[in-house]
Every structure is written in structure tokens, then in C-alpha cells.
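Participant: next one to model:
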Amino acid sequence: MNKTLNVALACLSIFLLALIPSEISAATIPSSPTDITATAISSTQINIFWNTPSNDGASPITGYKVEVKSGTGSYSVLGNTVDTTYSHTGLTTGTSYTYKVSAINSVGTSVASTEVSATPTSSSTGSLPGKPTNLTGYAASPIKATLFWNAPTNNGGYPITGYKIEYRVNSGTYTELISNTASTSTTYSHNNLVTNSVYTYRIYTITTFGTSSTPSSEVVVQPKSSSTTTVPGAPTNLTSSAVSPTQVNLFWSAPANNGGSPITGYKIEYKSGSGTYSTLTTT
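Facilitator: Just a heads-up that it's a prediction; the model follows:
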């Protein structure tokens, strides 16, 4: 037993020693943050939001640099943050402010995002967020429904803090399933359902400003005795980056539909030139 364990540990150590230098030497600066927006929420404040870059350069994102210019002036560093949002306060009413954001990892700082502008006015105020989009639902078992959706493109200038979910059974009226998920997660499971009943769902977005005035589109789920989880959808947004003469890094997004069960891994296949596909890893 001890001999087998020692051999296993030795093999693991050799693997890690071989792996770590490769990963370190392969790291690069991340790509730019995406989907940057800016909203004037008062006469003296603008809130800026963005999404994480699609490529972290094989090194975790450690923060973001936010730059600003007023009018036709030049850029200066406004500040650094580990969040994907920043509030710029103490502004001059009626002045246009333009922003760009860069991602930071252990290697360095990315190229800046696209620019976005906003002008605080005496009538500036935040607004209610938009409704969630692309709501889907699946019968994960005879007594369970799993819901998936996308966050709204418009958050009204305030961070999303959760979602309100309503449902109705058969031809009944809507009732509240949960008043606030208190999470930015865009999936939710409804348990202890009645098999063969028809459940209809709709979802509202919640921010610190308020709740979206209209709900998402409806989705219908009918759990049956034969209901089981299904295979997930395909991963999306696959990209690759050659980070050295002998290494390629891959990046992708999780599928919108996990088939009603958490994603546990990914299978990767590859081919060289015009050859046939081979399995690179099964998990």
C-alpha cells in the first residue's frame, strides 16, 4: 500500500513540476473588458458597468483600471477596482464624461475597452432595470423544474441584486415563488412539484433602484413520471490563443442549457491539419 502511494505521489510531483513552468511561461495579458455601459443616475454621479474579458491570459483577473476624460480633454486614471462596476461621483452637471476600462492580471494590463460616454443633468436619475431574457425551463425530474435565463442588457444604472420569480399551476393565477433570489445567478430550481401538472413561470429583475416593471416572457414546464435530466447544450463562444510556439490556450462559455443538472466537466477533441478528431481530454 505504502509503496503504491509513494509511486503515485512521485508521479504526481513530476506532473506538477512539468506543468507549472509551462503555465507560468504561457500566461499573457488578458483581453479587454466587454459590454461597458455608463448611466448618469443623478446630476453629479455616473455609474459604469462592464463584463469580464473573454480571455484572462491564463492568469486570474486581479482587478480593473478605470480611466476618464471630461469633454475633449485627455484621459486620466479614475481608480482601480476588483468589481465590474464603478461609481464616479462629484461630477459637474452638464459635462460629458467618457470612460474606458482595462483588465489586470499577474502579467500586466490589457488593452482598454471601447469608450462609453454619459452626461449628468439636473434631470438625471436611475431607472428600473430591464426584464430578464431568454427564459427556458426543463423538467429535471417528475417533481422538479429547473429554470435558466439571461440578465437584462439594461440595468438602469444600478447593480443587479437578484430576481423575483412567479409561477402558476395549470390555469390558476400567478403566485410568488421567491420574492428575491438575492443572487446574480441566472438559474433556479423549483422542487416538490406535482407530477403531470403544468407550471408556468415568469421572472423580474431586481436592482437597488427597484424591480423591473415588466416580467420576462413565460415558460411552461410539465414534469412527468418519465421526466429526467437531459444532456446539456453545446458550449459557446469557443476561442483559441497561441501563447507560445508549442502551446494553445482554449476559452469558452458554459452552455445556456445544462439539461437540468450542473455541468461537471468538458470533453475536448482536436485535430491537426486536415486529419480526424481525437480526444484530448474526457473531463
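Participant: tell me the buried residues in the one helix or strand residue 137 maps to?
Facilitator: If you go by DSSP states H and E, residue 137 is part of strand 133-141. For strand 133-141, burial by neighbour count (16 or more other Cβ atoms under 10 Å) applies to 135, 136, 137, 138, 139, 140, 141. All C-beta atoms are positioned from the backbone trio N, CA, C, and that covers glycine.
Participant: and if you look at stretch 74-85?
Facilitator: Buried residues in stretch 74-85, counting neighbours by 16+ other Cβ under 10 Å, are found at 78, 84.
Participant: got a list of contacts for it?
Facilitator: Here stretch 74-85 makes contact (Cβ atoms under 8 Å, 6 or more residues apart in numbering) with 33, 47-52, 62-69, 86, 88, 99-100, 104, 159.
Participant: out of those, which are inside strands?
Facilitator: Counting by DSSP state E, the part of the contacts of stretch 74-85 found in strands is 47-51, 63-69, 86, 88, 99-100, 104.
Participant: that older thread, output the contacting helices and strands for the strand holding residue 137.
Facilitator: strand 144-150, strand 199-207, strand 219-221 (3 or more Cβ pairs under 8 Å, 6 or more residues apart in numbering; DSSP states H and E).
Participant: if you set the cut-off to 10 Å instead, what comes out?
Facilitator: Counting contacts by 3 or more Cβ pairs under 10 Å, 6 or more residues apart in numbering; DSSP states H and E, strand 133-141 packs against strand 144-150, strand 187-190, strand 199-207, strand 219-221.
Participant: next, the angle from that strand to strand 199-207.
Facilitator: With axes from the mean of the first three to the mean of the last three Cα atoms, to 10 degrees defining the directions, strand 133-141 sits at 130 degrees from strand 199-207.
Participant: that older thread, out of the contacts of stretch 74-85, which are buried?
Facilitator: Buried members of the contacts of stretch 74-85, counted by 16+ other Cβ under 10 Å: 33, 47-50, 64-69, 86, 88, 99-100, 104, 159.
Participant: could you give the mean pLDDT of the helix or strand harbouring residue 165?
Facilitator: Element membership for residue 165, per DSSP H and E: strand 160-169. Across strand 160-169, pLDDT averages out at 97.
Participant: toward the C-terminus, what is the element adjacent to that strand?
Facilitator: Next helix or strand after strand 160-169 toward the C-terminus (DSSP H and E): strand 175-178.
Participant: partners of that next one in the sheet?
Facilitator: Strand 175-178 pairs in its sheet with strand 160-169 (antiparallel), by DSSP bridges.
Participant: and residue 180, how many neighbours?
Facilitator: Neighbours of residue 180 under the rule other Cβ atoms under 10 Å: 14.
Participant: please read the previous query as pertaining to residue 116.
Facilitator: 19.
Participant: list the contacts of it.
Facilitator: Remark: with contacts taken as Cβ atoms under 10 Å, 6 or more residues apart in numbering, residue 116 is in contact with 35-39, 46, 48-50, 97-101.
Participant: partners of it in the sheet?
Facilitator: Beta bridges link residue 116 to residue 99, judged by DSSP bridges.
Participant: Throw the buried residues of strand 133-141 into CSV and include distance to residue 246, thanks.
Facilitator: Shown next, in CSV, are the buried residues of strand 133-141 (distance: Cβ to Cβ, whole Å):
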residue, distance to residue 246
135, 44
136, 41
137, 45
138, 42
139, 47
140, 43
141, 46
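Participant: just those residues now: which is nearest residue 28?
Facilitator: Checking the buried residues of strand 133-141 against residue 28 with Cβ to Cβ, the nearest one is residue 136 at 35.5 Å.
Participant: pull the most distant pair out of the contacts of residue 116.
Facilitator: Maximum pairwise distance among these (Cβ to Cβ): 18.4 Å, between 35 and 97.
Participant: distance from stretch 110-126 to the middle of the chain?
Facilitator: Computed by Cα atoms, centre = their mean, to the nearest Å, the chain-centroid distance of stretch 110-126 equals 22 Å.
Participant: next: stretch 129-145.
Facilitator: Distance, stretch centre to chain centre, for stretch 129-145: 17 Å (Cα atoms, centre = their mean).
Participant: likewise for stretch 65-79?
Facilitator: Distance, centroid of stretch 65-79 to centroid of chain: 27 Å (Cα atoms, centre = their mean).
Participant: and it, how far apart are its ends?
Facilitator: From its first residue to its last, stretch 65-79 covers 6 Å (Cα to Cα, to the nearest Å).
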